[in-house]
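> need a structure here:
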Amino acid sequence: MLTILARKRILKRVQSAAYNQPQLINKVYIRRVHIISVDKILKRLSIEYFSARCYLVFINNFELIVSARLSAQCKDEMVNNITPKLFKKFPNIRSLSLAYVHEIENIIRPCGLFKIKAKNLKEMSVYLVKNFNGKVPFGVENLQKLPGIGRKTANLVMWEAFKVPSIIVDTHVSRVTKRIGFHNEDNRFKIEIILQNIFHKYKKDWSKICHKIVAHGKNVCKARLPNCEICCVKLLCLWYTKEKLDTFDS
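Numbers count the residues shown, from 1 in each chain. You can find the predicted model right below:
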């Protein structure tokens, strides 16, 4: 275990040299401190959130990508309450492509941002019928061409539909990994690349790791007020260490 003084010295070195250069984090900070801690962090998160997974309910790729689009800024529980009615009326991509936007709006209204989501679902289904024979395509690039589908959702679909390990960077993954000290980025694509490097030997479990980090972000490492006292990785977390050092200095 590093002493307070040792952590303080490392913190100053990281802040002065590595924070504005993500490539140096792997070489300086990750190599010197977290190359040992990564295993411990993932082990503790795996124990704490052993059952963490994607909680959207779906039975095929069509239902998955629709549910994933609806989940933006909406809890999974709400999406799961809405989708049975939606899929009963529009059971496949072709039927959804023939729907009127207002019909979709009336069903998905409770999930928020329903107008733009209904428009996206309509346009997405038409695009899939026209370009992919009514099937959800393989590949992040192909998925990102769909209206309303960003890189995070594309990576989620790649794992849940095709079992291709992917780093799924949502607001929770971005926040928690930044606080731990894995990066100092806000750009999600850059975060994805950095986490791929940090978790390189866990590639087959990338998506599972992200689900565990999301669970930690929702339950403990919350945006406004993280509950550090009950955090299972607090002694390995740069943000927690910095807070303690600030308290120590004062």
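> who's in contact with Cys231?
216, 220-221, 237, 240 (C-beta atoms under 8 Å, 6 or more residues apart in numbering). For the C-beta atoms, the positions are set from N, CA and C on the backbone; glycine is no exception.
> Of these, which is the nearest to Arg69?
His216 (24.7 Å; C-beta to C-beta).
> what's the distance between that closest one and Lys190?
His216 sits 21 Å away from Lys190 when distances are taken as C-beta to C-beta, to the nearest Å.
> In terms of neighbours, single out the busier of these two.
His216 (25 against 13; other C-beta atoms under 10 Å).
> Report the separation between that one and Glu185.
19 Å.
> For Val136, which residues are in contact?
Counting by C-beta under 8 Å, 6+ apart, Val136 has contacts 61-62, 64-65, 93, 128, 143, 157, 161.
> Looking at those residues, state which has the most neighbours.
Ile65 (28 neighbours).
> In which helix or strand does that one reside?
Following DSSP states H and E, one finds Ile65 within helix 61-70.
> Buried among the contacts of Cys231? Make that a PyMOL selection.
Of the contacts of Cys231, the buried ones go into a single PyMOL selection, burial set by 16 or more other C-beta atoms under 10 Å:
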select buried, resi 216+220+221+237+240
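> Going by distance to Lys135, which of the contacts of Cys231 wins?
His216 (34.7 Å).
> quick one, domains of this protein?
4-48+167-249, 61-162 (automatic domain parsing).
> could I get those domains as CSV with mean pLDDT and distance to Tyr55?
Shown next, in CSV, are these (pLDDT from 0 to 100; distance: least, C-beta to C-beta, whole Å):
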stretch, mean pLDDT, distance to Tyr55
domain 4-48+167-249, 79, 9
domain 61-162, 95, 4
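> got the ones you listed as CSV, with distance to Cys54 columns?
As requested, the domains of the chain are exported to CSV (distance: least, C-beta to C-beta, whole Å):
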stretch, distance to Cys54
domain 4-48+167-249, 6
domain 61-162, 6
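> Could you pull out the helices in the protein for me?
Assigned by DSSP state H, the chain shows helices spanning 4-17, 22-24, 35-48, 61-70, 76-89, 93-97, 101-108, 114-132, 140-144, 151-162, 171-180, 188-198, 206-219, 238-249.
> Mean neighbour count, these: which tops it?
Stretch with highest mean neighbour count among these: helix 61-70 (a mean of 23; mean count of other C-beta atoms under 10 Å).
> just the angle between that one and helix 114-132, please?
Computed by axes from the mean of the first three to the mean of the last three C-alpha atoms, to 10 degrees, the angle separating helix 61-70 from helix 114-132 equals 150 degrees.
> Run through the neighbouring helices and strands of helix 61-70.
Using 3 or more C-beta pairs under 8 Å, 6 or more residues apart in numbering; DSSP states H and E, the elements in contact with helix 61-70 are helix 76-89, helix 114-132, helix 151-162.
> go again using 6 Å as the cut-off
helix 76-89, helix 151-162 (3 or more C-beta pairs under 6 Å, 6 or more residues apart in numbering; DSSP states H and E).
> Work out the gap between the first one and the centre of the chain.
In other words, helix 76-89. Chain-centre distance of helix 76-89: 22 Å, with C-alpha atoms, centre = their mean, to the nearest Å.
> Quick one: work out the angle between that helix and helix 61-70.
Using the same axes, to 10 degrees, helix 76-89 lies at 130 degrees relative to helix 61-70.
> which residues sit against helix 76-89?
Contacts to helix 76-89, defined as C-beta atoms under 6 Å, 6 or more residues apart in numbering, come from residues 55-57, 63, 67, 70-71, 107-108, 111.
> at 7 Å what do you get?
55-57, 63, 66-67, 70-71, 107-108, 110-111 (C-beta atoms under 7 Å, 6 or more residues apart in numbering).
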